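# missing the sequence, but the structure's below:
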């Protein structure tokens, strides 16, 4: 397989995953905007922009934070590299180059999505359309993921899923962090009902709200949620699940065992640690510190994959 | 389709019945279905006037039909021509017999930009310079076919030939039950066989490794590049994926370097090797020409093959056929005046109202004048151009291209068509059983180029 092909496959699934995360964040913002805004909390749209890593870009373009502009910026804006539009555009442009390396269905799924978002963009949207847009995005991403199930289980497949789980690990970790430091209410609210409401919104943004209910009994607590999103191997968005899958798809690669070995060596400590760790220890150590380290590690693994395979 | 005013040619009877039973609602729906299909699979193109949205070529539902005997003659004629063009290239890059025999003056060969001096004295595998040749044909009477031009570099359009057939079979399966249409879907396999049969002398692989070299996604034929490499199961590479080491060419893969034997290139000569051709070029593979000349890799088509489809060389193709093959040409050339020659230029200027004037290096239907259809001011403009730069132009009579029934706003109208079949030459010479039929969608128009509002049709060759 061409190095460039591997790189493009890796990025296609990163972009598709990112499109979904951005859409889910918009959904969270929309949901929060329907609740009364309690004092002591940041503006929900500002939180959404921070979580999407788009606050700086947004502020360069707009003076005030308004729902309509945030929606437009995160969904359609061509100047925002993480907008759903740009993610789909980039995924499609990459897919155009490597369409020979995956199934015609995968190409169709991405290209149809692209054709439709062009239509949506031409027509733009009216306010009440946002849930439709986010739902549409999630559907399209699912269509793409579904099409991957008929792929040959070769290196191309593994590069696609490496990209997916690297992106997801990063997104989950950032959302978790954002909950603590951007959505963070004043100290007296911690553990209160409003705080829990925001945690549950975080779960929704990770498409894990109902899953959490099934996995844990009783009240929603910060510790349970942290356990669920960091350590629970049954939760497909938890950090440990992502790491496990990164290891799996990395070690399944049949090309260049020595390259795989080098990357694995860098990753295996984190994998062992996250499989054995207790959530209480992490909380005591500081969730923010833990997550920050995790994000740094994922980014170094991403760098190594680029260095070893794509150059 | 019609023999005379209203007599339908036999082999179109089935199609006529089929058209009769389609309501305009069905036609409308099928047109929409075809358009959606082409957009979804991404068979789009861009033109010189770039707009944000990619365009698709208008597709006409009514197929163009050739009988077995009609096709047999075209097949022999096109293969004959393709062989002569390759023999010509082998000759002018070596002994130059045709020049010594005073058939073609040497100035018009050696002074052309498309002549490649670095090819002198080198012979590619099997002496094949141009393994894929597209010949543009027009029909002006029941058995009168003329060659409009030859395409010896990297002719495009074959993906349309294949996709037009796919969509027709998908939308109208019954048509294919009731008509014996020769299949064309083995073209990519034959193309791959052709490329593999042209492996370089130093190739050690029993199954030569072929790649398709594309300029990248911005190229207007990019869909075709990915389509063909997919169908052949070979890598589509850009020049940055390739590099030269020692006396071989390699591609960069996740396993490390992999040797490449045959490059089916879809980029121009100028961008092949910055060390040999255009030193300003940022694309290209430094050193590939050295590997090529020492038999480490084959490049298809060969650098410098473009001289064979030059419009000034075109005039001599019938002579080439006689000279190299000792045969009479099966297909005729269109009568052509070479404005470089004083007498012919005078004739062209005197009769410009009746003629089509073309730039020697022009393509895509740009830079031409259709005398009978042009205003006095544009005719005057071309007269000035001709007088100041006569060797930049040729002139031909305006051919009365045949009409083919075409659906225009749900009604069947006659529109002018041409045809580009694709000839492959490697271990053997063969012609696709069909080709790309282009149709001038505008009433009265003679220009079939997609960049100027042309459309395409499925092209049928009926089995014996």
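Thanks, I have the structure now. Not measured: the values here are computed from a predicted model.

# now do the contacts for the residue in chain B that chain A sits nearest to.
Proximity of chain B to chain A (CB to the nearest CB) peaks at residue B:230, 3.9 Å away. The C-beta positions use only the backbone N, C-alpha and C, and glycine is treated the same way. The contact partners of residue B:230, taken as CB atoms under 8 Å, 6 or more residues apart in numbering or on different chains, are A:99-100, B:236.

# out of those residues, which is nearest to residue B:411?
Ranked by distance to residue B:411 (CB to CB), these are led by residue A:99 at 37.3 Å.

# which SS class is that closest one?
Here residue A:99 is recorded as helix under DSSP: H, G, I helix; E, B strand; the rest coil.

# count the residues that sit near the residue lying closest to it once chain neighbours are set aside.
Using CB to CB, 6 or more residues apart in numbering or on different chains and skipping the chain neighbours, the partner closest in space to residue A:99 is residue A:107 (4.3 Å). Counted with other CB atoms under 10 Å in any protein chain shown, residues neighbouring residue A:107 total 24.

# and residue A:107, what is it in contact with?
The contact partners of residue A:107, taken as CB under 8 Å, 6+ apart, are A:95, A:99, B:41-42.

# from those, which two are the most distant?
A:95 and B:41, at 12.2 Å, using CB to CB across those.

# strands of the stretch 51-200 of chain B, start to end?
B:59-66, B:132-141, B:144-151 (DSSP state E, counting those that start in this stretch).

# got a markdown table for these, with distance to chain A too?
Output for the strands of the stretch 51-200 of chain B, formatted as a markdown table (distance: least, CB to the nearest CB, whole Å):
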| stretch | distance to chain A |
| --- | --- |
| strand B:59-66 | 17 |
| strand B:132-141 | 19 |
| strand B:144-151 | 25 |
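
# so what's the closest residue to residue B:92 other than its chain neighbours scoring on pLDDT?
Counting by CB to CB, 6+ apart, residue B:92 lies nearest to residue B:109, which is 5.6 Å off, once chain neighbours are set aside. As predicted, residue B:109 sits at a pLDDT of 90.

# cool, the one 10 residues further on as well?
Note for residue B:119: predicted pLDDT of 94.

# do the same with residue B:50
Looking at residue B:50, the pLDDT reads 44.

# OK, contacts around the residue nearest to residue B:92?
Per CB under 8 Å, 6+ apart, neighbours of residue B:109: B:92, B:99, B:115, B:307, B:313.

# buried set for the strand or helix carrying residue A:212?
Here residue A:212, judged by DSSP states H and E, is contained in helix A:209-215. For helix A:209-215, the buried set under the neighbour-count rule, 16 or more other CB atoms under 10 Å in any protein chain shown, comprises A:211-212.

# could you point out the helix or strand that follows that helix?
helix A:222-226.

# on that earlier part again, so which of the contacts of residue A:107 comes closest to residue A:215?
Using CB to CB, residue A:95 is the member of the contacts of residue A:107 that lies nearest residue A:215, at 34.9 Å.

# next one: whichever strand or helix holds residue A:174 to chain centre, how far?
Per DSSP H and E: residue A:174 is located in helix A:155-181. Mean-position distance between helix A:155-181 and its chain equals 5 Å (CA atoms, centre = their mean, to the nearest Å).
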